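Engineer: This is a predicted model, with the sequence first.
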Amino acid sequence: MEEKDKKSASNTIKLLIFFNLLLAFVAFIKDIILASYFGTSSTADAINLAFFLPDMLGNNLIGAAVAVSTIPILTKLSTRNNLLILNSTIQTFTFLIGVGTLCFSVLLLFFSGPLFYLFHVNGPTHEPIVLHYFFIMLPIIIISPIWQFGSSILQSKKKFVIPAITPVLFNLLVLIGLLFCQIKGVRQDNGGKIYSFMITFAIFIICFLTWFSILREKEIKWSIKSIRLKGEVKAILPTFCSYALILSFSQLALLFERFFAGSLETGTIAALSYAYRISQFPIWVFVAAINTFILPTISSHLENRDFSSFKSDLVKSFLFVIIISGVLSLFLVILSHPLLSLLLVRGNFTLQSVNLTSEILKGYSLSIVGQSLYVFCTRYYVAEGKMRVPLLTGLLGSCLNICLLYFFVPQFGAVGIGYAVSVSSTLSGAFLLSHFYKRLINMERKGEVSIE
């Protein structure tokens, strides 16, 4: 790799880390206000349950699968400067996302009641509140995947600023809504409606800004004739389906976690959500910065058969992920209780809330390294278009997680949820890393890379 390219890659990663740190700061302030306003009350449980399904389907499942699976093909088309095929691919996938997510939304409208009943939301006053919040946030399922696809289009062109800024803006808008509720002394049930509306509104705003950035370049010529299920679209679909299945396994495990949390004391679901978000800090800030950079980068290297640059970027990024995730995992395990006490104890978030959240956080924190390894290694398989191993690994890891929940939660209570995640994530990450290393060995034997 030329010195200029190395400097450009380093600057890109630094820029992404800066925006992710800014995102983490704004999101953390938002979580502090959220915890102070709602605490671990029944209303907090209702909001977290109502948000979970739209967020799971729209953001963490469909949106994330679209974002990751489309980047390699879009990067190759941008590298080849084939605007005709690129336009057709973008328009076809936008159409598929819109139709598919609309169908999901309609289905959930009919089955939301019985679905939430599984989470012990069966009280005469509690269930209508959950459903009301849920209906407000339902459009997330449609809007979020379209926003993430737009971010993928920009990243494939090595334009990282807008995709990095929009999550910051999302959290900032939601924070403004929470501050309004707290300053005005809005009642919690009404505050939940305002919070739900602000989430949906914020998703719409960042989606609009992302696509405005794409369309203002006037490279895409929209036409119904450009929508066609062939060529590059067919090449994307297997990777999309595989990655969506991987994500569905992890989301299914999260679903079971909330199912078990719903059977425990009031506030456990809210505590679980707080602990999860805090434990994801290293992944969202540092690992996400690396992954945002590494997928289009190694896809470009593979397209150009530049295996020297491929190996250099991959190894440096891997070492960064291991060191950062390991250090921050240890930090959160040791200092979970004093950290939560210092940052969250105010308003309706009491010492009892700290004790409940801290126990779950310790277990979750132990899973950071394993999750980071799995997410990082999967990016390589996506770029290569070979998803069988990460798919099977994700399936087995999620099944193990769910099985451990059945053993750990009855025996250890809420803390068992975190321990189940840590065991399954560590084993999944270690196995995928082992297979990933063997792939590099095979590439070395073929004379493509040197791993010395």
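Structural biologist: Thanks, I have the structure now.

Engineer: got any ranges where the chain has weak pLDDT?
Structural biologist: 1-14, 40, 79-82, 113-127, 218-231, 282, 284-311, 346-348, 443-452 (pLDDT under 70).

Engineer: Spatially nearest residue to Asn190 (excluding sequence neighbours)?
Structural biologist: Counting by Cβ to Cβ, 6 or more residues apart in numbering, Cys181 is the residue found nearest to Asn190 once chain neighbours are left out, at 7.9 Å. (Glycine included, C-beta is placed from N, CA and C.)

Engineer: so that neighbour sits in a helix?
Structural biologist: Yes - according to DSSP: H, G, I helix; E, B strand; the rest coil, Cys181 belongs to a helix.

Engineer: dump the residue contacts of it.
Structural biologist: Cys181 is in contact with 37, 190-191, 194-195, counting by Cβ atoms under 8 Å, 6 or more residues apart in numbering.

Engineer: quick check, nearest of the residues you listed to Ile140?
Structural biologist: Tyr195 (13.1 Å; Cβ to Cβ).

Engineer: which ones are touching that closest one?
Structural biologist: Going by Cβ under 8 Å, 6+ apart, Tyr195 touches 34, 47, 174, 177-178, 181.

Engineer: most neighbours, which of those?
Structural biologist: Ile47 (29 neighbours; other Cβ atoms under 10 Å).

Engineer: I'd say it and Phe134 touch.
Structural biologist: No - with contact defined as Cβ atoms under 8 Å, Ile47 does not reach Phe134; the gap is 9.7 Å.

Engineer: Common neighbours of these two, please.
Structural biologist: Contacts common to Ile47 and Phe134, judged by Cβ under 8 Å, 6+ apart, are absent.

Engineer: ok, back up a step: now the residue nearest to Asn190: how far from Ser367?
Structural biologist: Going from Cys181 to Ser367 by Cβ to Cβ, to the nearest Å gives 32 Å.

Engineer: Likewise for Leu404?
Structural biologist: From Leu404 over to Ser367 (counting by Cβ to Cβ), the distance is 12 Å.

Engineer: Just want to know which of those two has more residues nearby.
Structural biologist: The neighbour count for Leu404 versus Ser367, taken as other Cβ under 10 Å, is higher for Ser367 (26 against 19).

Engineer: filter the contacts of Cys181 to the buried ones?
Structural biologist: Buried by 16 or more other Cβ atoms under 10 Å: 37, 191, 194-195, out of these.

Engineer: And the helix or strand where Leu432 lies, how far out from the chain middle?
Structural biologist: Per DSSP states H and E: Leu432 is located in helix 415-445. Offset of helix 415-445 from its chain centre (Cα atoms, centre = their mean, to the nearest Å): 19 Å.

Engineer: Closest to the centroid, which residue in the protein?
Structural biologist: Asn60 (4.9 Å; Cα atoms, centre = their mean).

Engineer: From what I see, that residue and Ser248 are in contact.
Structural biologist: No - the criterion here is Cβ under 8 Å, and Asn60 misses it with Ser248 at 9.5 Å.

Engineer: ok, so what distance separates Ser36 from Leu178?
Structural biologist: According to Cβ to Cβ, Ser36 stands 9 Å off from Leu178.

Engineer: before we move on, what about Leu366?
Structural biologist: Distance from Leu366 to Leu178, counting by Cβ to Cβ: 30 Å.

Engineer: circling back to that earlier point, in the helix holding Leu432, what's buried?
Structural biologist: 415-429, 431-433, 436, 440, 443.

Engineer: Ok, stretch 341-356 next?
Structural biologist: Neighbour counts over stretch 341-356 (16+ other Cβ under 10 Å) mark 343-344, 348-349, 353-354, 356 as buried.

Engineer: Now do it: distance to the chain's middle.
Structural biologist: Chain-centre distance of stretch 341-356: 26 Å, with Cα atoms, centre = their mean.
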